[in-house]
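Trainee: test case, fold it:
(2 chains)
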Amino acid sequence: MIAELGLGVLWLAAGLAVLQAVLGGLALRFPDRPDLGQAVRPVAIAQGVLVSFAMLALIYLFLVSDMSVKLVVANSHSEKPWLYKFAGTWGNHEGSMLLWVAILAVAGSGIALLERRVRPDTLIATLMAQGFIALGFYAFLLFSSNPFERVSPAPQDGNGLNPLLQDPGLAFHPPTLYLGYVGMSVAFSFAVGALLTRDVGPAFARAMRPWVLGAWVFLTLGITAGSYWAYYELGWGGWWFWDPVENASLMPWLAATALLHSVTVLATRDSLRAWTVMLAVVAFSMSMVGTFLVRSGILTSVHAFAVDPERGSFILALLFIYVGAALTLFALRIGTVREGTQFEPVSREAALVLNNLFLTVILGVVLIGTLYPLIAQSMGQQISIGPPYFNPAAGSVALLLIIAMVAGPLMRWRRDGLAAVAKRMALPLALGLVVIVLIRLMAPQIGLLPWLGLSVAALAAAGSVAPLWKRNLRRTPLFTWGMVVAHLGVAIALAGMATDSAFMKEKLVALGEGEATQVGPFSVRLVDVTPVIGPNWTALQGRMSAQRGSGAAFELLPQARNYSSPPTDTSEAAISTLWNGQLYAVLGKANGDGRWQVRLWWKPWVTLIWLGGALIAFGGVLSLIGRLWRERGLATPESGNA
Amino acid sequence: MKAKNQRLILALLALAAVIGAGLLAVSGLKQEAAFFYAPGDVPKDDLPLDRAVRLGGMVKAGSIRHDADGVTLRFVVTDGKAEVPVTFKGIAPDLFKENSGVVAEGRFQADGRFIAANLLAKHDEKYMPPELAGKMHKTGSLKQ
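Mentor: Next up is the predicted model:
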């Protein structure tokens, strides 16, 4: 009953999306009929409520393990812990697409309820665009991925969830990234709305900015968490693999980062109008490319739930329709977007243009590297692109970007003097140079990228707090604090990445019980290997005792797990976090002669990577709160387009 | 600066960035793209020594040997047409076994051996590297 109700509600919500798009279009066409426009807001709100109800219905079906629903049978099992039943709702293709559209519609309701700053016709155009986007995903759900499909006769129990997904991270990772992707769709809808009503200006930028900031915070969190998840779950000791699925989340983040900075220029200085609109289109396109890469089954990974060409083609078609329509609209209307305010080549605007250019280059490099294997494959050639391509190409530009990141906040809006900027940059630059020389002298063996990375990290750490220099800290606005914290986070993450790749120690060895080995400053002894039993798995657990020099010993318990439903082997790494890094242990196979394969890493300061990521997101939150607080008085829609 | 000029300069900068990204990517791809080989495709007298490649096929029955250090594996990858001896130092994936599919990432040596830095075993039908599934469907060696 619940399943039929959920499906019915989903159909209704789809109907409302049609209504929302059509009403919006009519309201724009006939501006003398204000009643049309007034109806759009309630429809958008109702759509959000209905699709939330459908999502709740699906969650309920998973929680009670209703085995007459095909999706539950395929992806759940009655003996799973409840958290994985709950999170398993979106740990599959249909459920995750429903989550996508649910978040989209709720965001639409949010705009309809809260947004009072843009012109009313721009708001209607924005909601119309939202309706069109949602419509594509409703069609996708209802015609090719119905999550509420029944199965008859109902089997005794389900197939279970892929063990790699049986992790508390699953409860947060997909919703976080989806919130980011969907936030980009809101920014996109605003851009389309502003283009349609010729309203590209500071008011539109201020309305769009919280959505961009919010989406960007979620993307940052999603990427940081996904990176840590891969790090401890895969047992490969790495934190970023340039896997296409990782790139699928990185590309929208790069575009969102560029958009976040250009939207600030537009809101503050009324420059970069066309540019900002273009970036909003690019950022949403990257979210769609991300969804396509991850969900179409074109890539082989734990994320590709369904290898079904029909679904892949559907998402690809949606991608082309939305992006094509947006680019056409952009081409048709961009002539009507008037030139914004001018600025000098040495100014904060110019530095932010530089930021955007570097981000665009990195985005281009990552996009080409991610798509090229797919294109080559379709032409019958099989290649793979990995870190040897991405690290130098993206890394070198990223270092330039981070130097620009230091310079930007130290420059004045509109015009500044080169000499004055150089003076403000002097201390960070000097620090960077000192570190370059020190590393050359003390650790000449490390690679070029880590070497430069550490130096730029020192420069950026000093430079990111420089905007607070000689300021009254209590009167510094919250969004300035947000910028400082986020930029400091970039420096800290970079320091972690560079230290890890420069000074990481790795040991691969076969140990018998009682034998010991050395990795970095630690001696690690394999005490014993014993079987252990979990709720839905059995495992062999190695007990290791680790010690630095003559310090206190601590225990590491890596496991080789075997899940029963579906039958799968996984490796659970043991990670011990110390103040200055992590000791990472993996238990491999029995060797037959009483020895076990053991892989150990000492990763100094690796934790800084995720600490930096968290700081970047926190800076975004501070900025968001600061902006909303500052602009709470600007809620007059007529103030735009002055 | 004139209004027209600034917009033009910005547009040109954007174009330069996109072209720059393209050039950077193309030069990187030329050097670093890892090609996929089945043992039968490996050009014996013109081994791709200068770059990392992927080698995919079946692990030949009875070919897996463990070295005395307990962490080095030697085995033979075959596709029915040719064979390549592979050396791998590390923890092999759980589903790495004889008569089963494998993709080795690594480099050829001048003597025709392959040193693998990483092994991807067939996990199950869903998570199989697509190039391997393709090759094996072609040669008919994929039996489920």
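Trainee: what is the end-to-end distance of stretch A:82-100?
Mentor: 22 Å (C-alpha to C-alpha, to the nearest Å).
Trainee: for it, give me every contacting residue.
Mentor: Residues outside stretch A:82-100 that contact it (C-beta atoms under 8 Å, 6 or more residues apart in numbering or on different chains): A:10, A:51, A:54-55, A:58-59, A:62-63, A:65, A:71, A:74-76, A:80, A:137, A:140-141, A:145-147, A:161-162, A:165-166, A:168, A:170-171, A:174-175, A:178, A:181-182, A:291, A:295, A:305-306, A:311. Backbone N, C-alpha and C define where each C-beta goes, glycine included.
Trainee: how about the residues of the stretch 301-450 of chain A near chain B?
Mentor: A:301-302, A:304, A:307, A:339, A:342-344, A:353, A:357-358, A:360-365, A:368-369, A:372-373, A:376-377, A:381-386, A:388-389, A:392-393, A:397 (C-beta under 8 Å from any C-beta of the partner chain).
Trainee: from those residues, list just the buried residues.
Mentor: A:301-302, A:304, A:307, A:342-343, A:353, A:357-358, A:360-365, A:368-369, A:372-373, A:376-377, A:382-386, A:388-389, A:392-393, A:397 (16 or more other C-beta atoms under 10 Å in any protein chain shown).
Trainee: tell me which element A:Phe31 falls in.
Mentor: I think there's a mix-up here, since residue A:31 is Pro and not Phe. For A:Pro31, there is no enclosing helix or strand under DSSP states H and E.
Trainee: wait, A:Ala225
Mentor: Here A:Ala225 is assigned to helix A:202-234, by DSSP H and E.
Trainee: got it, and A:Leu429?
Mentor: Going by DSSP H and E, A:Leu429 is part of helix A:418-442.
Trainee: tell me which stretches of chain B form helices.
Mentor: Secondary structure of chain B (DSSP state H): helices at B:3-32, B:130-139.
Trainee: ok, the nearest residue to A:Thr568 once chain neighbours are set aside - contacts?
Mentor: The shortest distance from A:Thr568 to any non-neighbouring residue, by C-beta to C-beta, 6 or more residues apart in numbering or on different chains, is to A:Pro163 (4.7 Å). The contact partners of A:Pro163, taken as C-beta under 8 Å, 6+ apart, are A:537, A:561, A:563, A:566, A:568, A:570.
Trainee: was I right to think the fifth one contacts A:Gly160?
Mentor: No - using C-beta atoms under 8 Å, A:Thr568 is not in contact with A:Gly160; the gap is 9.1 Å.
Trainee: between these two, which one's more packed in?
Mentor: A:Gly160 (23 against 20; other C-beta atoms under 10 Å in any protein chain shown).
Trainee: can you tell me which of the contacts of A:Pro163 are buried?
Mentor: The neighbour count (16+ other C-beta under 10 Å) marks A:537, A:561, A:563, A:568, A:570 as buried among the contacts of A:Pro163.
Trainee: turn those residues into CSV, columns for secondary structure and distance to A:Lys470.
Mentor: Listed next are those as CSV, based on DSSP: H, G, I helix; E, B strand; the rest coil; distance: C-beta to C-beta, whole Å:
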residue, secondary structure, distance to A:Lys470
A:Trp537, strand, 58
A:Arg561, strand, 56
A:Tyr563, strand, 59
A:Thr568, strand, 59
A:Thr570, strand, 54
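Trainee: closest to the centroid, which residue in chain B?
Mentor: B:Arg54 (2.1 Å; C-alpha atoms, centre = their mean).
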